[in-house]
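In: sequence unknown, structure follows:
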């Protein structure tokens, strides 16, 4: 069967909380990694798959439909995200209105959260609740053979029959991630992706784990069982990407160093293969030490991304971060001493936040030698502990109503803080200005910039973050 997987173009912000990123405004072109996994399992099963990245290729809805019309497509897949859900729906609806006979399936996190609401849309034929890597193959096989009786046996699938919607519950998490084929990067326009700090092309993202061992109240990563790929399997994918011309990889694991021995094995194997590769990791400040940082650096790791969130100990406890400021200091200073760039992530507007705690966090971000920082407004996302606190405090299900088409003109309210939304939004702007417009930071950026295009990306991203309304 011919299957098209579509990544829509982000044309504007919806439910904007400083987290949605677009090419035009923030010099970021995200790589649709989840679609490459689904494409890979479908290809392995013998299906003919195409990924159409309308965002990277700057296609309009009209161009997308024109392309799809001429390809004898049997199934179209979209992924959904919470913050851009309604924008994605505009694309899905447009495709269905113009190609009504082609079934459409949606997956992604928002389909996990509210599959029943999503299935109420006339333009959605199927939704997948849970990891869809293997389930979508079962669906494609059933559709290809016109064996609709098989649909009831596909775990995680939501489907329609007549005027009724049927649910097969939640798909089981994939027990052994090594069973997955490597992502189908060959279906992407590699060379089109990157962030404002990407230094080399071609650039790609990658994941060697799923889930997270931490229990932060604002994240749902721990709801998935924490699983990790073997070091050998991970490096084989890195080698394949390298052979395709990829020279910079951003590892999207929430806690890459959670399994220290495995992380060291991956780094040593990269070094052993003499790959001319730049890569970076995301992890927790309490999961790094001198030994692992030295090995990472020696293998080409250029940057470590650390989730810090706040410089106030009580707020860290409120968020169940299970870290201390001493651990933050040690992780940052040791990383810099060993020659790694450090990207610090902070959240403003957490439970217990005050003007004083925000000032403390902003001062902290400028005290230590971060190369980059990100400040975001706290958002209580579905299925998180923070969202449960929100519903107890506010007495309504914001995200359910949002999925139904309400609240598109306002962000979700903050939780357990006396600060107003305007105060926190302004604090985020002030934080960016305070960090990036310091003379020493401007000089540092100029000295570390390798090319004019790189400098223009910095300027574009910085200007839009700082001057945004």
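Out: Sure thing, it's come through. Keep in mind that what you see is a predicted model, and the values were worked out from it rather than measured.
In: in the protein, which helix or strand is least confident?
Out: Every helix and strand of the chain was ranked by mean pLDDT, DSSP states H and E. The lowest is helix 23-26, at a mean of 48.
In: name the next helix or strand downstream of that helix, please.
Out: helix 33-44 (DSSP states H and E).
In: list the buried ones in that following helix?
Out: 33, 34, 35, 36, 37, 38, 39, 40, 41, 42, 43 (16 or more other C-beta atoms under 10 Å). Glycine gets a C-beta too; all of them are placed from N, C-alpha and C.
In: so how far is that helix from its chain's centroid?
Out: How far helix 33-44 lies from its chain's middle: 17 Å, per C-alpha atoms, centre = their mean, to the nearest Å.
In: repeat that for stretch 128-143.
Out: Worked out by C-alpha atoms, centre = their mean, stretch 128-143 lies 21 Å from the chain centre.
In: closest to residue 92 out of the buried residues of helix 33-44?
Out: residue 35 (14.3 Å; C-beta to C-beta).
In: got the contact list for that closest one?
Out: 5, 7, 51, 77, 79 (C-beta atoms under 8 Å, 6 or more residues apart in numbering).
In: could you look up the SS state of the first one?
Out: Read that as residue 5. strand (DSSP: H, G, I helix; E, B strand; the rest coil).
In: now do the contacts for the nearest residue to residue 448 once chain neighbours are set aside.
Out: Take residue 448 and drop its neighbours on the chain: the residue closest to it by C-beta to C-beta, 6 or more residues apart in numbering is residue 371, 7.9 Å away. Going by C-beta under 8 Å, 6+ apart, residue 371 touches 303, 341, 342, 343, 444, 448.
In: state the distance from residue 371 to residue 131.
Out: 34 Å (C-beta to C-beta, to the nearest Å).
In: where does pLDDT dip in this structure?
Out: Where the chain drops to pLDDT under 70, the residues are 11-27, 451-469.
In: go with 80
Out: For the chain, applying pLDDT under 80 flags the ranges 10-27, 444-445, 447-469.
In: mind giving me the packing neighbours of the helix or strand harbouring residue 239?
Out: Using DSSP H and E, residue 239 maps to helix 231-243. Packing partners of helix 231-243 (3 or more C-beta pairs under 8 Å, 6 or more residues apart in numbering; DSSP states H and E): strand 203-206, helix 260-272.
In: right, and these - which one's nearest residue 147?
Out: That would be strand 203-206 among the helices and strands packed on helix 231-243, by C-beta to C-beta, at 35.2 Å.
In: got a list of contacts for that closest one?
Out: Against strand 203-206 from outside (C-beta under 8 Å, 6+ apart): 30-31, 33, 183, 185, 190, 193-195, 234, 237-238, 241, 246-252.
In: partners of it, with directions?
Out: Here strand 203-206 has these sheet partners by DSSP bridges: strand 248-251 (parallel).
In: residues in contact with the strand it pairs with?
Out: 194-195, 198-208, 238, 241, 277-282.
In: contacting residues for residue 148?
Out: 142, 161.
In: and the residue nearest in space to the middle of the chain, how far is that from residue 33?
Out: The geometric centre of the chain, computed from its C-alpha atoms, lies nearest to residue 252 (C-alpha atoms, centre = their mean), at 7.6 Å. Separation of residue 252 from residue 33 (C-beta to C-beta): 7 Å.
In: and what of residue 446?
Out: 32 Å.
In: which strands and helices sit next to the helix or strand hosting residue 306?
Out: Per DSSP H and E: residue 306 is located in strand 301-309. With contacts defined as 3+ C-beta pairs under 8 Å, 6+ apart, strand 301-309 has these neighbours: strand 278-283, helix 325-337, strand 341-348.
In: tell me the helix or strand right after it.
Out: helix 313-318.
In: tell me which strands and helices that next one is in contact with?
Out: Using 3+ C-beta pairs under 8 Å, 6+ apart: helix 313-318 touches no other helix or strand.
In: again, 10 Å this time
Out: For helix 313-318, the packing partners by 3 or more C-beta pairs under 10 Å, 6 or more residues apart in numbering; DSSP states H and E come out as strand 301-309, helix 325-337, helix 355-367.
In: run the chain-centre distance for the second one.
Out: When C-alpha coordinates are averaged (C-alpha atoms, centre = their mean), helix 325-337 and its chain have centres 25 Å apart.
In: do the same with the last one
Out: Between the mean C-alpha location of helix 355-367 and the chain-wide mean there is a distance of 26 Å, by C-alpha atoms, centre = their mean.
In: how about it: buried residues?
Out: 357, 358, 360, 361, 362, 364, 365.
In: distance check, the residue nearest to residue 45 when sequence neighbours are not counted against residue 372.
Out: Nearest residue to residue 45, sequence neighbours excluded (C-beta to C-beta, 6+ apart): residue 137, at 4.6 Å. With distances taken as C-beta to C-beta, residue 137 is found 39 Å from residue 372.
In: and residue 161, bridged to which residues?
Out: residue 164.
In: need the contact list for it.
Out: Shown in contact with residue 161 (C-beta atoms under 10 Å, 6 or more residues apart in numbering): 148, 151, 152.
In: residues near the last one, how many?
Out: What that stands for is residue 152. 11 (other C-beta atoms under 10 Å).
In: now for it: which residues touch it?
Out: 159, 161, 166, 168.
In: tell me which stretches of the stretch 101-250 of the chain form strands.
Out: 104-107, 126-128, 157-161, 164-167, 203-206, 209-210, 227-228, 248-251 (DSSP state E, counting those that start in this stretch).
In: might one say that residue 52 is in contact with residue 76?
Out: Yes - between residue 52 and residue 76 there is a contact under C-beta atoms under 10 Å: 9.2 Å.
In: so for the two, which residues contact both of them?
Out: 4, 5, 6, 64, 68.
In: just the closest of these to residue 178, please.
Out: residue 5 (22.9 Å).
In: that closest one: how many residues sit nearby?
Out: 26.
In: with residue 232 instead?
Out: 12.
In: check contacts around residue 329.
Out: Contacts of residue 329 (C-beta under 10 Å, 6+ apart): 285, 364, 367, 368.
In: skipping adjacent residues, who's closest to the second one in space?
Out: The one in question is residue 364. Residue 364's closest residue in space is residue 311 (C-beta to C-beta, 6+ apart), at 3.5 Å.
In: then residue 336?
Out: Closest to residue 336 by C-beta to C-beta, 6+ apart is residue 369, at 5.0 Å.
In: now that neighbour, what's its secondary structure?
Out: coil.
In: residues touching the closest residue to residue 176 other than its chain neighbours, list them.
Out: Among residues not flanking residue 176 along the chain, residue 227 sits closest, at 7.9 Å (C-beta to C-beta, 6+ apart). Contacts for residue 227 (C-beta under 10 Å, 6+ apart) come out as 173, 174, 175, 176, 177, 178, 208, 209, 210, 211.
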